[in-house]
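>>> Below is the sequence, then the predicted model.
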Amino acid sequence: MRDASVLISGLGIAGPTLAYWLLQHGFRPTLIERASRPRSGGYVIDFWGLGYDIAERMGLLPDLRACGYQVRELRFVDSRNRRVGGFGIDVFRSLTQGRYVSLPRSDLARLIYGKIDGRCEIVFGDWITAIDQRESGADVRFASGAERRFALVIGADGLHSAVRAACFGPERKFETFLGYAAAAFEVKAYRPRDEDVYVSYGTPGRQVARFAMRDDRTVFLFVFAADAALDLHDVSAQKRALRTAFAGAGWECPQILAALDACEEFYFDPVSQIRLPAWSAGRVALVGDAAFCPSLLAGQGSALAMLSAYVLAGELASCGEEYARGFARYEDRLRAFIAEKQKGAERFARSFAPRTRLGLLLRNQVTKLFGIPGLAKLVLGPSLLDRLALPDY
Ligand SMILES: Cc1cc2nc3c(=O)[nH]c(=O)nc-3n(C[C@H](O)[C@H](O)[C@H](O)COP(=O)(O)OP(=O)(O)OC[C@H]3O[C@@H](n4cnc5c(N)ncnc54)[C@H](O)[C@@H]3O)c2cc1C
């Protein structure tokens, strides 16, 4: 494109991946992030499939492996910490031929950021307030008062995307709430520790997991049933909602909730999906959660965010001045694949944190059976493997 300027809103996973690939193809990306610095926090994510392949193409694998953990087991426990279900994670490694790593979401975000830091303009602590699309470009106004023109604007600003709200419509039109909320935080010096094991405790409609990390840190993930998407933007209200949901839950919950005051980064969101009739409008397009959030329970949000960024950059590069054709080809390539992932996540939500005692019992018994050779492959294989060939650009 003659004007190769692209404004990307959001420096999570999709935004910096897109900036990286746009740079490779000769574009001039500018990233804008509302937070005052790169955001850390979040739980440990399992990373495999096409996201893993893209990370390899970005030269990230050695660092990802160095930050990663060789998780051995997912262990469901009862209130006295006795094992009541779960399975060995080796099954994932064998299904993916070893191309699988578990690592903190914050490490993945930091490593991708490291690939673009110093190579393009990155603005922190500012955000878009208006986008005015014209024949020759998109005029963008920022909260800081600045006004600038870009050829294209991409929303990579997550589940609650402001670019989507400005150019496509309000969130409620596109959000499908899956009936749960999730929270994550990490603390220092928590005891007990179980190295390389996800330890998870559940009561009907409530699930909490802990994972011991290096440097004496422990990260916790909470998932709990909620009747409506909790639209809580204030952190103290979010912490209150979490405390209320897990009051009287037993196991280590009182001591974990007591540690909540000491955490620095706190992640809290409804477990929701985003479904849009189109991922672009004029000079504006969306990637990652902003376009198609598969929900936290898909287990692949970051990998799919990277995939969408990689494909969008590649298609724009292939289409020269015809950015609208690039946007359309990006969507054609991915829409059916993403819809399948969303369907899988919807099915999985109910079994992750069952709402009844019977449901919990069933889940625990089924996961115990995964020890039988071949069974885990049969049950997990179809949703684990990505059936899409990664294009070369
Ligand atoms: C701090 C944090 C912790 C997370 N923890 C988990 C987790 O434990 N488990 C899990 O499955 N998923 C987690 N997620 C979500 C996960 O990262 C995404 O589902 C997935 O990686 C898709 O990435 P994304 O880049 O599309 O969105 P995100 O990773 O959500 O990134 C969006 C970015 O946009 C920024 N932003 C938001 N609004 C604006 C705006 N108006 N202007 C400019 N910038 C804006 C945000 O600050 C953020 O940096 C977390 C996200 C964040 C931000």
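Now that the structure is in, tell me what you want to look at.

>>> so how many other residues sit close to R206?
20 (other C-beta atoms under 10 Å). C-beta here means a position set from N, CA and C on the backbone, and glycine is covered the same way.

>>> Just give the nearest non-adjacent residue to it, would you?
For R206, ignoring the flanking residues on the chain, the nearest one in space by C-beta to C-beta, 6 or more residues apart in numbering is F224 at 4.8 Å.

>>> Spell out the secondary structure type for the one you found.
At F224, secondary structure determined by DSSP: H, G, I helix; E, B strand; the rest coil is strand.

>>> what residues does the stretch 201-350 of the chain put near the ligand?
Where the stretch 201-350 of the chain comes near the ligand, counting by C-beta under 6 Å from any ligand atom, the residues are 267, 288-290, 296, 301-302, 305.

>>> cutoff 5 Å now
Proximity of the stretch 201-350 of the chain to the ligand (C-beta under 5 Å from any ligand atom) is limited to residues 267, 288-289, 296, 301-302, 305.

>>> For the residue in the chain that the ligand sits nearest to, give its distance to S106.
Residue nearest to the ligand within the chain (C-beta to the nearest ligand atom): G12, separated by 1.9 Å. Per C-beta to C-beta, to the nearest Å, G12 is found 11 Å from S106.

>>> And for P29?
To S106, P29 is 22 Å away according to C-beta to C-beta.

>>> ok, the two, which is more surrounded?
Comparing P29 with S106 by neighbour count (other C-beta under 10 Å), the higher total belongs to P29, at 26 against 21.

>>> can you give me the strands in the stretch 151-300 of the chain?
Here the stretch 151-300 of the chain has its strands, by DSSP state E, counting those that start in this stretch, at 152-155, 175-188, 197-203, 206-212, 217-225, 266-274, 280-281, 284-286.

>>> need those in a markdown table with mean pLDDT, can you?
Listed next are the strands of the stretch 151-300 of the chain as a markdown table, based on pLDDT from 0 to 100:
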| stretch | mean pLDDT |
| --- | --- |
| strand 152-155 | 98 |
| strand 175-188 | 93 |
| strand 197-203 | 97 |
| strand 206-212 | 97 |
| strand 217-225 | 95 |
| strand 266-274 | 93 |
| strand 280-281 | 98 |
| strand 284-286 | 98 |
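
>>> Point out where this structure drops to low pLDDT.
Judged by pLDDT under 70, the chain has its weakly predicted residues at 229-232, 373.

>>> thinking again about what came up before, any shared contact partners between G12 and S106?
Common contacts of G12 and S106 (C-beta atoms under 8 Å, 6 or more residues apart in numbering): R39.

>>> before we move on, back to that, would you reformat the strands of the stretch 151-300 of the chain as a markdown table and include distance to A162?
Below are the strands of the stretch 151-300 of the chain laid out as a markdown table (distance: least, C-beta to C-beta, whole Å):
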| stretch | distance to A162 |
| --- | --- |
| strand 152-155 | 7 |
| strand 175-188 | 14 |
| strand 197-203 | 33 |
| strand 206-212 | 31 |
| strand 217-225 | 26 |
| strand 266-274 | 13 |
| strand 280-281 | 14 |
| strand 284-286 | 11 |
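
>>> if we compare those, which one ends up closest to I8?
Nearest to I8, of all the strands of the stretch 151-300 of the chain, is strand 152-155, at 4.8 Å by C-beta to C-beta.

>>> can you give me the offset of that closest one from its chain's centre?
The gap between where strand 152-155 is centred and where its chain is centred comes out at 19 Å by C-alpha atoms, centre = their mean, to the nearest Å.

>>> ok, now stretch 86-103?
Distance, stretch centre to chain centre, for stretch 86-103: 19 Å (C-alpha atoms, centre = their mean).

>>> Phi, psi for the residue lying closest to I274 once chain neighbours are set aside please.
Closest residue to I274 apart from its sequence neighbours, by C-beta to C-beta, 6+ apart: C293 at 4.2 Å. Backbone torsions of C293, given as degrees, to the nearest 10, read phi -40, psi 120.

>>> Please report the number of neighbouring residues for C293.
For C293, using other C-beta under 10 Å, the count is 28.

>>> And for K188?
Residues lying near K188 (other C-beta under 10 Å) number 11.
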